[in-house]
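[1] everything below, folded, please.
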Amino acid sequence: MAWRGAPRLAARLLLPARRRGIASCLDPSAGLTEEQKEFQKVALDFASKEMAPHMAEWDEKEIFPVETMRKAAQLGFGGIYVKPDVGGSGLSRLDTSIIFEALSTGCTSTTAYMSIHNMCVWMIDTFGNEEQRRRFCPSLCSMEKFASYCLTEPGSGSDAASLLTAAQRKGDTYVLNGSKAFISGAGDTDVYVVMCRTGGPGPKGISCLVLEKGTPGLSFGKKEKKVGWNSQPTRAVIFEDCVVPVGNRLGAEGQGFNIAMKGLNGGRINIASCSLGAAHASVLLAQEHLTVRKQFGEPLANNQYLQFRLAEMATRLVAARLMVRNAARALQEGREDAAVLCSMAKLFATDECFAICNQALQMHGGYGYLKDYAVQQFVRDIRVHQILEGTNEVMRMIVARNLLQG
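    Numbers count the residues shown, from 1 in each chain. This is a model prediction of the structure:
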């Protein structure tokens with residue numbers, strides 16, 4: 001199954017902005033360096049040829065497209081901001097945002113999983129010792145193996161520091177017990193970056209362990225049935241007396257919560273970038289539909305109300321893109337305000353991009369509600385972006401705290 005308009009949309013994304021019918025005000029390559037434009041083009045090309053034609057099938061049949069992602073890894077997309085000495089591409093956070101936005105035009109769900117995988121590899125690369133980096137990162141960067149991020153629990157979502165999964169130290173090992181919920185890729189992935197309690201209550205009692213699939217006592221819940229994100233499996237991860245070597249701990253004991261939050265700063269930029277790609281594709285789909293669909297004897301594009309709504313969609317998209325890219329630069333530079341800018345960008349971009357996709361569906365009328373049309377899948381796939389990597393309510397808390405703390 002391929003959704004209607006897929007070939008035309010893919011072709012438009014591949015052409016230079018002037019030729020693909022994208023107004024210069026909407027051009028995602030505006031302001032980029034020549035090098036950034038090149039790998040943006042590579043990502044758009046991959047999205048249109050390798051992802052978009054299969055996006056509907058992956059969704060309908062709940063296929064985890066392992067081989068397609070391995071092809072993406074051959075282009076350097078398995079460890080985009082991981083150091084080159086362990087197989088990464090060594091690119092910046094802005095470069096990463098550009099790539100994820102481009103890939104997301106082809107399949108938002110698959111790109112979102114790739115963004116989580118990249119975050120996990122970065123955490124090992126950044127906080128692991130040399131032995132850990134060289135043991136785990138090369139096979140993850142090539143996507144020979146896949147990674148999952150394990151923070152959320154059945155009883156601790158937004159209140160992540162209250163997690164209960166516990167690791168008891170016994171000599172040179174930890175014995176791990178507990179469970180994680182809503183874990184992307186779980187059951188199909190190979191490496192699990194797990195936040196667990198090794199000390200007292202609160203964030204300072206949390207450490208980070210890396211587990212491999214096949215560890216005795218590691219099991220998984222049923223595959224969840226989701227509204228969107230169907231090209232990646234979601235399951236609970238269950239630990240029952242899992243014996244994990246101390247050598248699999250990232251950083252020091254008690255450093256886990258800090259590692260988790262630093263990972264999420266980048267994760268918020270990544271997931272916001274995936275929202276940008278979905279919104280960009282949805283604006284193009286709406287633009288085309290308004291041009292070809294006729295009502296009352298003339299194209300919908302002649303209706304001033306719809307013209308104004310399309311203009312608002314494009315304006316919000318460009319504003320969100322600028323905010324995301326600004327936060328990506330701040331994170332790359334290690335600025336003091338980076339964490340709050342990442343929260344602001346995630347809040348604004350995921351809210352606005354969902355509204356853009358939803359409005360694009362409305363412009364399609366009844367057709368937008370049919371699974372033959374891609375716009376409904378973009379709506380379903382990005383709805384969860386307002387929830388994960390920190391809910392948008394938590395993003396508001398972070399921003400407000402920053403504003404009022406002085």
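
[2] and residue 212, how many neighbours?
    Residue 212 has 14 neighbours, counted by other CB atoms under 10 Å. For glycine as for every other residue, the C-beta is placed from the backbone atoms N, C-alpha and C.

[3] before we move on, what about residue 400?
    11.

[4] in the host helix or strand of it, which residues are buried?
    Using DSSP states H and E, residue 400 sits within helix 392-404. For helix 392-404, burial by neighbour count (16 or more other CB atoms under 10 Å) applies to 392, 394-395, 398.

[5] elements contacting it?
    Applying 3 or more CB pairs under 8 Å, 6 or more residues apart in numbering; DSSP states H and E, we find helix 392-404 packed against helix 338-363.

[6] run the angle between the helix it packs on and helix 392-404 for me.
    Per axes from the mean of the first three to the mean of the last three CA atoms, to 10 degrees, the angle that helix 338-363 makes with helix 392-404 is 140 degrees.

[7] after helix 338-363 comes which helix or strand?
    Using DSSP H and E, the first helix or strand after helix 338-363 is helix 375-383.

[8] outside of that following helix itself, list whatever touches it.
    3, 55-56, 59, 108-109, 112, 227-229, 274-275, 278-279, 281-282, 285-286, 350, 353-354, 357-358, 360-361, 364, 368-371 (CB atoms under 8 Å, 6 or more residues apart in numbering).

[9] do I have it right that residue 113 meets residue 185?
    Yes: checked against CB atoms under 8 Å, the pair residue 113 and residue 185 is within contact range at 6.0 Å.

[10] the more surrounded of the two?
    Legend: neighbour count by other CB under 10 Å for residue 113 and residue 185, higher for residue 113 (26 against 22).

[11] then that one would be within a helix, right?
    Yes: the assignment for residue 113 (DSSP: H, G, I helix; E, B strand; the rest coil) places it in a helix.

[12] what about it, distance to residue 265?
    Between residue 113 and residue 265 the computed distance is 19 Å (CB to CB, to the nearest Å).

[13] could you pull out the strands in this structure for me?
    With DSSP state E as the criterion, the chain has strands at 147-150, 166-170, 173-184, 191-197, 206-212, 218-220, 234-245, 249-250, 294-295, 298-299.

[14] mind listing what residue 231 touches?
    So residue 231 contacts 55, 58-59, 62-65, 107, 109-110, 113 (CB under 8 Å, 6+ apart).

[15] just the buried ones from these?
    55, 58-59, 63-65, 107, 109-110, 113.

[16] let's have the residues you listed in CSV, adding pLDDT and distance to residue 340.
    Below are the buried ones among the contacts of residue 231 laid out as CSV (pLDDT from 0 to 100; distance: CB to CB, whole Å):
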residue, pLDDT, distance to residue 340
55, 98, 34
58, 98, 35
59, 98, 34
63, 98, 38
64, 98, 34
65, 98, 35
107, 98, 31
109, 98, 28
110, 98, 30
113, 98, 27
